[in-house]
Every structure is written in structure tokens, then in C-alpha cells.
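# need coordinates for the following:
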Amino acid sequence: MTNGYDIAVIGAGHAGIEAALAASRLGCAVVCFATQLDSVGNMPCNPSVGGTAKGHLVREIDALGGEMGQAADACCIQYRLLNRGKGPAVHSLRAQADRLAYRAHMKRVLEQAVTLKQAEVVDILPSGGGFTVVTATGGRFSVRAAVLATGTFLNGRVITGEHVRPGGPDGLLPALELSGALSKLGLKTRRFKTGTPPRVLGRTLDFSRMERQEGEDTIPFSFTSPRPVRNAVVCYLTWTNEEVHRILRENLSRSPLYSGVIEGVGPRYCPSVEDKVVRFADKSRHPVFCEPMGLDTDEYYLQGMSSSMPEEVQEQAVRAVAGLENAVITRPGYAIEYDCADPLGFTPSLMAKENPGLFGAGQVLGSSGYEEAAAQGLIAGINAARFAQGKEPFTLTRSQSYIGTLIDDLVTRGTEEPYRMMTSRSEYRLLLRQDNADARLTPLGYELGLVPGERYEAVAAKYEAVEKEILRLEKNRLADKLRRPEVTYASLAPADPERPELPPEVTEQAEIQIKYEGYLRRQKAAAEEMAHLENRLLPEDMDYASIRGIRIEARQKLAKVRPKNLGQASRVSGVNPADLTALMIWLRTAPPPGREDKAQS
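Below you'll find the predicted structure:
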């Protein structure tokens, strides 16, 4: 029995890293387990960080005091800002990472903060108000709280055509025994799947037949990283064609996805190439991005060609793509099935409802993606530390962050497929821009103890300067001109000779707040209205079956989710406005706690 640790984090992928670091930075002694220490921070799928809505998550993680943004800026080799042609609400940063450098960075950071252990965890036993974590080699670790961050390893099964074997991503070993332990703890599990595309040797590609995609001078992920960002590589765009589609259609009988070999539910928004050919039969082509996997390797990742077809079919399909006629596949694509828990069994703090002190984050709660996992890991680590220290849990609302939206969707609505964050999932996306994540969340990170005082003060000074500049523009009657769609802050310079020298991040905020003032005001009003519902707490032991006016389906869903407040209740799948009205009436007329007997008499 090994004592001396407050928290155990099971898994050292993107969720486990943030959980372990957050708990450690909040003063807890943390032991973090990985089946292979060289896989810490591994990127088994796309070697990139960010993307639509995902870039928002990374900047929010950074603003709260997490690690992913700083690691990305230390290791990324090409940056692009997505959706430049649209409004600032959907601008999203994405960068290509040096895969090996990212792993090395995260391992080094973790080693300085926590105890890393190479071991397979096979059991989690409730013990003395905490847990005993048991490894395959017989190690026993007594902790106050534990975080499940198991990625795609739980009972993992790797599938390429007819070749099926137990396994984890990138040829790593699966965790075969832990699923049974979770079932013994009462967690409901189900089967999901994800997939990867083939990797190819760069010197065998004909880039002259592809479209070059250069990096851009844009913002970094971390608010503390300097500009300019590093753009050391070029990516390339090509397309599938009718010949590729013919090859895939003629071999569908050999596809594990269509032959019944794959049982798990895959991600709707990231389908395999054979699935795209079937589901979007009217499309004559689909994009394929050739992206380098690092500075010290010649391997390229074929984003858009995820596949679990037999290797020879993958080779035929790849070589039918323009520029890939002579491509040598270094690693064939594969599907991986894995067990995960029903997120409806967890609270907004990411703690298991029936197992106080046990937290979950990432794929184990039904999400997909490095950024979604890291965001949950940060919140789970914060709350594991607060639980161990006897403090109240920390949660984020939908109107505060994409992180709050992500977690609320999972624990309130659940998911029947791997969940991916998108800007359309947020009803407050104009408030939750990636550019203002520091204003929204750095004060909270400072209160938690994750953000140092000097960083908090710098953010406060930045937004004081923003307010001062907005007032100056209003006073000089330049704000009205800036509200015109064709006018920018920069283009106003000739009419504003007395403008002060300000950093671009200050002028950007001033311009956005002036241009979108009316829209921002309306979204803030909607957020404040929802906040009233969020503040109406519901009793934890509430008997929904006894409340008149609530339909049977809604009663069952409410009893399963056990929402914390009216706002969360309003978002439970199967609860309609009439059910919510009945619940509000009950809250107004119900006797205070302890007065039930008097009311009945």
C-alpha cells in the first residue's frame, strides 16, 4: 500500500495532463498513471491543436491557468485562423503540432509537478472515505479522490479490415480489466468508436499537384505567448474523386463499418472516408489535407481519409488521389472501439453521482477530441483537489464559457455518440469569443489559485485600457463611424490623429465591443435571464413523481439527471416548457424544508 498521495489520475492523455497539473497546482500530492510513459500527451489522431470551437476551448483552458495553450505555442509549427470571412464569434485558431515535441513537452511539465507511474490500473476500490487504486503488478495507492481520464484504452479493440485485435491507439496496450471495475462501482458503460487515417511518406508525394496552404500571422493560443507565431511548414490540399469513391464502394463488403464487425457508435461529425462516400453519395469529391507530423519526420497525416478498410483497399484509394499516386503508407488507418461511461451519471463538477470523490474527463465521458478532453480534465482536476480539501465544487455556466457548455451538454443532455464541440452548440457565442476568454475566465483562475497575481493584474489593466479607448471614441464621435460594416479601427486613423499608441489586443477589443454593441447587449440580457433560473436551486432528494403537471417522460428524465437548478432542468432532454412551468409552480408553493408535516396537517 502506497500512501502519501491525495489524488490519483488514471491516464496521461490530454484530459489526464490537465487534471493532474491542476490538482498539483492547487496544492495536492498527485500520482498519475499511464500504460506507457512515452505516450504522455500522445496525439494518436490528427497532430493538431484547435479548430472550429476547439480553438475557443484551448484559449479558455489557458485563461483559467491550464497547460494546453502554452504547450501548443511551444510545439506548433503552422498556424491558421479559421472562419476569417465571418464574424469574430466564430473565428477559431488551429495549429499543426510537432507530435513528438508536444509529447516531450507535456511529459517534462508533468514530471516536474506530479509523480508519473507506468502502470495499468485494474481496479478502483472505495476505501475509508476515499479509494484504493490497484495496478496490474499489485501496486496499491490510497487516495482521497481519483480522476478517470482513460481515453480510448478501456477494453480497446483495434480494427483494420478483417484484422481485429485488442489494443489501444498507436499500437499501445489496452486497459482490459478496468471496465469491469467501473461496472462494479455502478457506472453505466457503453461502446463508442473512433478512427484514424493512414500516414504516408512525404518524399513519395507529388505536392505540385496539390494546393499549398501556408501558415498565417495570427494570435497564439496562450494569452501569455509572444507574437509572431511560428510557421515552419506548409500543408497541402487535394481531393478524393470518382475513382476513389468507386474503389471504396466496390469494397464496402470488406468494411468493418458495414459488415457488422464494428459495434461501437462513431462520431457523426468526423466520419470515415468510406462512410462519407455512402452518406454523401451526391458529392463528387471530398477534401484531403496532407499535414506534416513534425519537423524531424517525413510522415504526413491524411486528414479527411480516416478509414478502417483493409490495408490493400486503403492503398488503392490513397493512390487514386491526385498527388498521392506513388504514396507509400507508413501506418494504415484503423478504427478503435472502447468503453465509456454514461455522462448523465456525473454532476456539473464532473464527479460521479454515486461515487463521491470519483471524477471523469474526456472520452470516458463520451466526448471526442483533444481539446474537449483537456477542458474536462482541467475542471475535473480542480474539483478533485477541492473535494480532497473539503471545498465547494467549481463549475462554469453556459453563459460563461464553451467549457461550461460542453460539460452541461454532457451531464444534462447526455450523448449517444462521441460528442464534439461546435460554435453552434452555444446560444451565447457572441459573448464567448476566443479573443475575450481572458476577460471571462482569468479572474476565476486567479480566485482558484491557478493564475498568478501578475497575470491577473495584466488582464485587468488590458480591459481598463479597452474601456478608456471606447469612451474616447464615443466622446470624439468616432464610434458611430466604427459601427459601419466597412469601417475598421485601422481605417479610421486619418480621421483620428490624436489616437494613443495601443497594443493590437486592446484596439481589437474596443472595435468588437463598439461594432457589436447591440447584439452583445441582447445576449447579455438573455444570459442574465437564464442566470435567474440557474439560481433557483432544486432539492437533491426531490420526488419528481409527486409533482402534478409534469409528464411521465419528463419525470423519469429529471429523476435520472437530478438537475441542480431550474436552468439545468430546462435543458434536460424530454423536458418541455409546460413541464418546466409545473416545476416552477411547485417551487413557489412548496413548503420550506422541515415544514412538510405542518403543511400536510
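
# in this structure, where is pLDDT below threshold?
Low-confidence segments of the chain (pLDDT under 70): 1-2, 591-601.

# how does it look with 50?
In the predicted model, the chain carries pLDDT under 50 at residues 594-601.

# did I read that right, Ser142 in a strand?
Yes: under DSSP: H, G, I helix; E, B strand; the rest coil, Ser142 sits within a strand.

# quick check: Phe223 touching Asp62?
Yes: judged on C-beta atoms under 8 Å, Phe223 makes contact with Asp62 at a distance of 6.0 Å. Where C-beta positions appear, they are placed from N, C-alpha and C, glycine not excepted.

# between the two, which contacts overlap?
Shared contacts of Phe223 and Asp62 (C-beta atoms under 8 Å, 6 or more residues apart in numbering): 69, 437.

# so between those two, which is more surrounded?
Asp62 (29 against 20; other C-beta atoms under 10 Å).

# so after the helix or strand hosting Lys276, what's the next helix or strand?
Using DSSP states H and E, the element containing Lys276 is helix 273-279. For helix 273-279, the following helix or strand on the C-terminal side (DSSP H and E) is strand 287-292.

# that next one pairs with which strands?
strand 235-239 (antiparallel), strand 299-303 (antiparallel) (DSSP bridges).

# ok, which of the ones you listed comes nearest Gly323?
strand 235-239 (4.9 Å; C-beta to C-beta).

# which residues touch that closest one?
With C-beta under 8 Å, 6+ apart as the test, strand 235-239 has contacts from 78, 96, 205, 207, 209-213, 285-292, 321-324.

# is there a quick PyMOL command that grabs whichever of the residues you listed are buried?
In PyMOL syntax, the buried subset of the contacts of strand 235-239 is picked out as below (16 or more other C-beta atoms under 10 Å):
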select buried, resi 78+96+205+210+213+286+288+289+290+291+292+321+323+324
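
# count the neighbours of the closest residue to Leu350 other than its chain neighbours for me.
Spatial nearest neighbour of Leu350, chain neighbours left out: Ala380 (4.4 Å); criterion: C-beta to C-beta, 6 or more residues apart in numbering. Neighbourhood size, Ala380 [other C-beta under 10 Å]: 33.

# which strands or helices does the helix or strand hosting Ala380 pack on?
Using DSSP H and E, the element containing Ala380 is helix 370-388. The elements that helix 370-388 packs onto, with contact taken as 3 or more C-beta pairs under 8 Å, 6 or more residues apart in numbering; DSSP states H and E, are strand 7-10, helix 14-25, strand 48-50, helix 54-64, helix 68-75, strand 145-148, strand 358-360, helix 402-408.

# single out the most deeply packed of the strands paired with strand 287-292.
strand 299-303 (a mean of 22; mean count of other C-beta atoms under 10 Å).

# and the helix or strand just after it, what does it pack onto?
Counting by DSSP H and E, the next helix or strand C-terminal to strand 299-303 is helix 311-319. On a contact count with 3+ C-beta pairs under 8 Å, 6+ apart, helix 311-319 meets helix 242-250, strand 329-331.

# nearest to Cys32, out of the ones you listed?
strand 329-331 (27.2 Å).

# run through who's touching the closest one.
Here strand 329-331 makes contact (C-beta under 8 Å, 6+ apart) with 198-201, 299, 311, 314-315, 318.

# separate out the buried members of the residues you listed.
Among the contacts of strand 329-331, the ones that count as buried by 16+ other C-beta under 10 Å are 198-200, 299, 311, 314-315, 318.

# of those residues, which is the nearest to Glu457?
Closest approach to Glu457 among those (C-beta to C-beta): Glu299, at 44.0 Å.

# that closest one touches Arg203, doesn't it?
No: contact criterion C-beta under 8 Å: Glu299 and Arg203 do not qualify, at 10.4 Å.

# who touches both of the two?
Common contacts of Glu299 and Arg203 (C-beta under 8 Å, 6+ apart): none found.

# Glu372 versus Val277, what's the distance?
As defined by C-beta to C-beta, to the nearest Å, Val277 lies at a distance of 27 Å from Glu372.

# neighbour count: those two, which is higher?
Glu372 (29 against 21).

# list the contacts for the more buried one?
Per C-beta under 8 Å, 6+ apart, neighbours of Glu372: 54, 57, 362, 406, 419-421.

# want to throw the buried ones among the contacts of strand 329-331 into CSV with distance to Phe153?
Conversion of these to CSV gives the following (distance: C-beta to C-beta, whole Å):
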residue, distance to Phe153
Pro198, 22
Arg199, 21
Val200, 26
Glu299, 23
Glu311, 23
Gln314, 24
Glu315, 28
Val318, 28
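
# could you say which helix or strand contains Asn326?
Here Asn326 is assigned to no helix or strand, by DSSP H and E.

# adding distance to Val158, write the helices and strands packed on helix 370-388 out as JSON lines.
What follows is these, written out as JSON lines (distance: least, C-beta to C-beta, whole Å):
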{"stretch": "strand 7-10", "distance to Val158": "21"}
{"stretch": "helix 14-25", "distance to Val158": "20"}
{"stretch": "strand 48-50", "distance to Val158": "22"}
{"stretch": "helix 54-64", "distance to Val158": "25"}
{"stretch": "helix 68-75", "distance to Val158": "26"}
{"stretch": "strand 145-148", "distance to Val158": "21"}
{"stretch": "strand 358-360", "distance to Val158": "23"}
{"stretch": "helix 402-408", "distance to Val158": "27"}
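
# pretty sure Asp170 contacts Asn42?
Yes: if you go by C-beta under 8 Å, Asp170 and Asn42 touch, sitting 6.3 Å apart.

# who's more crowded, those two?
Remark: of Asp170 and Asn42, Asn42 carries more neighbours, 25 against 16, as counted by other C-beta under 10 Å.

# that one contacts Gly171, correct?
No: contact between Asn42 and Gly171 fails when scored by C-beta under 8 Å: they sit 10.9 Å apart.

# picking up where we left off before, neighbour-wise, which one of the contacts of Glu372 leads?
Neighbour counts for the contacts of Glu372 (other C-beta under 10 Å) peak at Leu57, which has 33 neighbours.

# okay, it and Ala63: tell me how far apart.
From Leu57 over to Ala63 the distance is 11 Å, taken as C-beta to C-beta.

# please apply the same query to Gly574.
As judged by C-beta to C-beta, Gly574 and Ala63 stand 34 Å apart.

# all good on my end, thank you.
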